[in-house]
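Asks: Fold the following.
(one chain, ligands or ions: 2)
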Amino acid sequence: MSRQISVIHSLGFPRIGARRELKFALEKYWRDELGQAQLQQVARDLRARHWAQQAQAGLDYFTVGDFAFYDQVLDTSAMLGCVPARFRHAGGNLDLDTAFRMARGRAPTGADTDACEMTKWFDTNYHYLVPEFEVGQQFSLSSESLFEQVEEAQAQGYPVKAVILGPLTWLWLGKAQSGVDKLDLLDSLLPVYREILARLAAQGVEWLQIDEPALVLDLPPQWQQAYRRVYAELAQAGPKLLLASYFGALGDNLDTVLALPVHGLHIDAVRAPEQLVEVAERLGSDQVLSAGVINGRNIWRADLDALLQRLQPLHAQLQDRLWLAPSCSLLHVPVDLEQEEGLDAELGSWLAFAVQKLGELDLLRRALAGSSDAQVAALTAQRQALQARRRSRRIHKSAVRERAAGVTDAMARRACSYKERAQKQHERFALPLYPTTTIGSFPQTGAIRKARSQFRAGEIPGDTYRHRMEAAIAEAVFRQEKLGLDVLVHGEAERNDMVEYFGEQLEGFAFTRFGWVQSYGSRCVKPPIIYGDVSRLKPMTVEWAVYAQSLTGRPMKGMLTGPVTILQWSFVRDDQPRAETCLQIALALRDEVLDLERAGIGMIQIDEPALREGLPLRRAEWQDYLDWAVQAFRVTAAGVDDATQIHTHMCYAEFNDIIEAIAALDADVITIETSRSQMELLAAFEDYEYPNEIGPGVYDIHSPQLPETGHMVSLLQRAARNLPASRLWVNPDCGLKTRRWEEVEPALQRMVEAAQELRQQAA
Ligand code: GLN
Ligand code: ZN
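Replies: Ligands and ions are numbered 1, 2, ... in the order given. Now for the predicted structure:
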């Protein structure tokens, strides 16, 4: 007798399209080059194609509600009628342009309005629009879009499992005006959720996947209790509920979850495999367990043999109550590996994108039910690919491993303390008080981009390319000297991306052509794939830095992306801990730092804008992460002489909670974002005496507005109350590559004036 076959499903499919069709349609619509009806048609076509791809993979349920023109959290807010007053929504169904104004401040129709805030979705690189709760907040069903999509899928003959974001996670992610207690909002929110459920039930939807990823976070007890209340109420009417958590273990929320009267649980069995057995044991006899066993956050083929071994006892126990799925929505991986003609076959055989991951699910469930010859063959092929990967000489470099194993504490420590180094550095560079500098990049002009793309396409020879880059560097240096900046940068003309530039020159990295992943709205990123041991073949930035330094008598900063940021913004190998990969990158960069120093570059900046976003979701795991991340930075930086000045840069305001880790980097100078938060961050320095030099960003480079000299002076005066003026630098809050020279020059001119004024005051 053949065993019961498991249901397979996904939590969501990438919506942007294998060729980023949605991106291009959206951008045309925003430029008024495409009508709304045509935009809707593009969306329908994409949904139809994606459902067809899922049908081909043999999925039992089709997840409807995973599509969004901009963001699924925004769509949830729209559905619940949660539209901040400034958008002047009159009630009723929210129109598309108002939703776009919430997302980006503008749309083809309607007056420009300040957009909603955007922030990172858990620990991913996807950004959602933050819901806003105002005093007197009311909710009402304000979008038909989900129901229309359900109808659309049903008309195409697909059995639907709808998906919505659960009320508690949605509230958790929102921002309440003062005086508003988020949990108090449940009274008016739950009736709308009940209405949605009833509508779906009326449409004949059997299952509703209700996403509550907040369940993998540290939740206060009132929030844990709220889950019981909410789900007791929602379980009464409507479709069967599949409560989905992902991005980690339920941990101390497990008891809460197991007490909820839902029909099924989805759990992340990739991040927290140990949960599977316990949840299966404690599951109600009528509940299904959806095991998220295929990694939705990475691009590696799964080890199906290992999964089979783990799943067989569960399958014997649960039979058809065991469902199989990716760990989370496939939103976080590229669509289809099939398009990557450029990847070599060996590397390709190790990878799985969204479509391939669904194929793995199908194979897995068939194997669980008892294999036919065809499945045996497919499983064997997968096994062989994995074995080849484990043994590949492309991946495993003993020299790299030995070097990483031999890293000593001394390698991660500068020879002298900051105080002693500072003395030597001050003698060497003789900078004025309040030295001025910038963060690294200067405007990426049309000429620069053209030169890069022509060089890539093989249309211009290397010499021509080098001359054009040198011309861009010379122009940047000339302009900085004219402005009177004290410490210069070469401008990063040769980089289209601060991670890709290094990844392309390092061993162990690969790049795809279409491996796009949505970052926010129409924006996508194409993360490099770190597949093997990382090493540096030759210097990566030295020539540019040396050329730039040859043009000026002022100090020129060498400019590198740090190991944590390179790790964080890549798809990382799954066959060794992240910490180990990070250390390998650090060692490769350490060589670059030393080469720069040897070539006469006296200041070297190692950017770590992603340090904070690497923090684990659970507080208890922070320290371990910070320990290895800080260590990696220090290994990168610490090989230099006392008189070489190490800079770093980070661009986010909230770092009060990791300030000690930032100090532990022991960079001589850190430049940081502060201007948007009006030096709020400096409050951190009231309680904690930051020991080294610091350049709090004095103006927001993201704003098109020209900064006021007086404003910058007062910001720095405020900074000087918490930190000695002798340790303050003057700089914008981030790189300037997205701005035009016409904006950059007057802004920097005022910044230099501000520094001069402060020097006069001090004299
Ligand atoms: N050096 C980089 C630049 O100036 C830093 C970018 C960043 O912080 N994201 O562009
Ligand atoms: Zn920055």
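Asks: so how far is residue 637 from the residue in the stretch 601-750 of the chain that ligand 1 sits nearest to?
Replies: Closest to ligand 1 within the stretch 601-750 of the chain is residue 735: 2.1 Å, counting by C-beta to the nearest ligand atom. Placement of C-beta: from N, CA and C, glycine included. Using C-beta to C-beta, to the nearest Å, residue 735 is found at 20 Å from residue 637.
Asks: Between the two, which is the more surrounded one?
Replies: More crowded of residue 735 and residue 637, by other C-beta atoms under 10 Å: residue 637, with 27 against 23.
Asks: What residues does the more buried one make contact with?
Replies: Neighbouring residues of residue 637 by C-beta atoms under 8 Å, 6 or more residues apart in numbering: 414, 590, 593, 604, 606, 646, 665, 666, 667.
Asks: related to what we said a few turns ago, residues contacting the residue of the stretch 601-750 of the chain closest to ligand 1?
Replies: Contacts of residue 735 (C-beta under 8 Å, 6+ apart): 438, 439, 440, 441, 492, 701.
Asks: cool, and residue 463?
Replies: Under the criterion of C-beta under 8 Å, 6+ apart, residue 463 has no contact partners.
Asks: Let's verify it: helix, strand, or coil?
Replies: Under DSSP: H, G, I helix; E, B strand; the rest coil, residue 463 falls in the helix class.
Asks: gap between the residue of the stretch 651-763 of the chain found nearest ligand 2 and residue 490?
Replies: Nearest to ligand 2, among the residues of the stretch 651-763 of the chain, is residue 651, at 2.9 Å (C-beta to the ion). Note on residue 651: its distance to residue 490, by C-beta to C-beta, is 20 Å.
Asks: And these two? Which one has more around it.
Replies: Higher neighbour count among residue 651 and residue 490: residue 490, with 29 against 21, using other C-beta under 10 Å.
Asks: circling back: phi first, then psi, for the residue of the stretch 601-750 of the chain closest to ligand 1.
Replies: phi -70, psi 160 (degrees, to the nearest 10).
Asks: on that earlier part again, by neighbour count, which of the contacts of residue 637 wins?
Replies: residue 667 (28 neighbours).
Asks: Centre-most residue in this structure?
Replies: In the chain, the centroid-proximal residue (C-alpha atoms, centre = their mean) is residue 125; its distance is 1.6 Å.
Asks: before we move on, which element is the spatially closest residue to it that is not a sequence neighbour in?
Replies: Nearest non-adjacent residue to residue 125, counting by C-beta to C-beta, 6 or more residues apart in numbering: residue 519, 5.8 Å away. Element membership for residue 519 (DSSP states H and E) is strand 517-520.
Asks: So in that sheet, which strands flank the helix or strand that that strand is followed by, and in what orientation?
Replies: Next helix or strand after strand 517-520 toward the C-terminus (DSSP H and E): strand 523-525. Each strand that pairs with strand 523-525, with its direction, by DSSP bridges: strand 517-520 (antiparallel).
Asks: Now do the partner strand: everything it contacts.
Replies: If you take C-beta under 8 Å, 6+ apart as the criterion, strand 517-520 is touched by 14-16, 70-71, 118, 125-128, 331-334, 524-527.
Asks: is it fair to say residue 694 lies in a helix?
Replies: No - looking at residue 694 with three-state DSSP, it is strand, so not inside a helix.
Asks: Neighbours of it, how many?
Replies: 22.
Asks: same question, residue 153
Replies: The local packing of residue 153 (other C-beta under 10 Å) involves 22 other residues.
Asks: and what of residue 410?
Replies: Using other C-beta under 10 Å, residue 410 is surrounded by 8 other residues.
Asks: next one: residue 689
Replies: For residue 689, using other C-beta under 10 Å, the count is 9.
Asks: go on, the one 4 residues further on?
Replies: For residue 693, the neighbour count with other C-beta under 10 Å is 22.
Asks: Surely it is in contact with residue 670?
Replies: Yes - between residue 693 and residue 670 there is a contact at 7.4 Å, judged by C-beta atoms under 8 Å.
Asks: Now the lowest-mean-pLDDT helix or strand in the chain: buried residues?
Replies: In the chain, no helix or strand scores lower on mean pLDDT, DSSP states H and E than helix 684-687, which sits at a mean of 74. Residues of helix 684-687 classed as buried: 684, 685 (neighbour count, 16 or more other C-beta atoms under 10 Å).
Asks: so what's residue 509 up against?
Replies: By C-beta under 8 Å, 6+ apart, the neighbours of residue 509 are 503, 528, 529, 530, 531, 534, 570.
Asks: Send over stretch 268-277 as CSV, restricted to the C-alpha atoms.
Replies: Presented in CSV, the C-alpha positions along stretch 268-277 are these (Å, rounded to 0.1, in the frame of the first residue of the first chain):
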residue,chain,number,x,y,z
ASP,A,268,10.6,27.5,9.8
ALA,A,269,12.4,24.2,9.8
VAL,A,270,15.5,25.7,8.1
ARG,A,271,16.4,28.3,10.7
ALA,A,272,15.0,26.2,13.6
PRO,A,273,15.0,22.5,12.6
GLU,A,274,14.9,21.4,16.2
GLN,A,275,11.3,22.7,16.4
LEU,A,276,9.9,20.1,14.0
VAL,A,277,9.8,17.1,16.3
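Asks: Could you list the low-pLDDT ranges of the stretch 401-550 of the chain?
Replies: Counting by pLDDT under 70, the stretch 401-550 of the chain contains no low-confidence segment.
Asks: All the strands of it, residue numbers only.
Replies: Along the stretch 401-550 of the chain, counting by DSSP state E, counting those that start in this stretch, strands occupy 506-510, 517-520, 523-525, 529-536.
Asks: and among those, the most buried is which?
Replies: Comparing these by mean neighbour count (mean count of other C-beta atoms under 10 Å), strand 529-536 ranks first with a mean of 22.
Asks: Determine the set of other helices and strands touching it.
Replies: In terms of contacts (3 or more C-beta pairs under 8 Å, 6 or more residues apart in numbering; DSSP states H and E), strand 529-536 is packed against helix 398-405, strand 506-510, helix 578-598.
Asks: what do you get if the cut-off is 6 Å, keeping everything else the same?
Replies: Strand 529-536 makes packing contacts with strand 506-510, helix 578-598 when contacts are defined by 3 or more C-beta pairs under 6 Å, 6 or more residues apart in numbering; DSSP states H and E.
Asks: and that strand with strand 506-510, angle?
Replies: Orientation check (axes from the mean of the first three to the mean of the last three C-alpha atoms, to 10 degrees): strand 529-536 against strand 506-510 gives 170 degrees.
Asks: outside of strand 529-536, which residues touch it?
Replies: For strand 529-536, contacts defined as C-beta atoms under 6 Å, 6 or more residues apart in numbering pick out 394-395, 397, 400, 506-510, 570-573, 584-585, 588, 591.
Asks: And stretch 15-26, by the same measure?
Replies: Contact with stretch 15-26 is made by 39, 42, 46, 67, 335, 336, 516, 518, 522, as judged by C-beta under 6 Å, 6+ apart.
Asks: what's the fifth one in contact with, if anything?
Replies: Applying C-beta under 6 Å, 6+ apart, one finds that residue 335 lies in contact with 14, 18, 353, 354.
Asks: Buried ones only from the residues you listed, please, as a PyMOL command.
Replies: Buried members of these can be picked out in PyMOL with the line below, counting by 16+ other C-beta under 10 Å:
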select buried, resi 14+18+353+354
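Asks: Out of the contacts of residue 335, flag the one nearest to residue 188.
Replies: Residue 188 has its nearest neighbour among those in residue 14, at 33.8 Å by C-beta to C-beta.
Asks: circling back: give me the beta-bridge partners of the closest residue to the residue of the stretch 601-750 of the chain closest to ligand 1 other than its chain neighbours?
Replies: The spatial neighbour of residue 735 that comes closest, neighbours along the chain excluded (C-beta to C-beta, 6+ apart), is residue 441 at 3.6 Å. Beta-bridge pairing for residue 441 (DSSP bridges): residue 491.
Asks: From ligand 1, how far out is whatever residue of the stretch 151-300 of the chain ends up closest to ligand 2?
Replies: For the stretch 151-300 of the chain and ligand 2, the shortest gap (C-beta to the ion) falls at residue 175, measuring 23.0 Å. Here residue 175 is placed at a distance of 24 Å from ligand 1 (C-beta to the nearest ligand atom, to the nearest Å).
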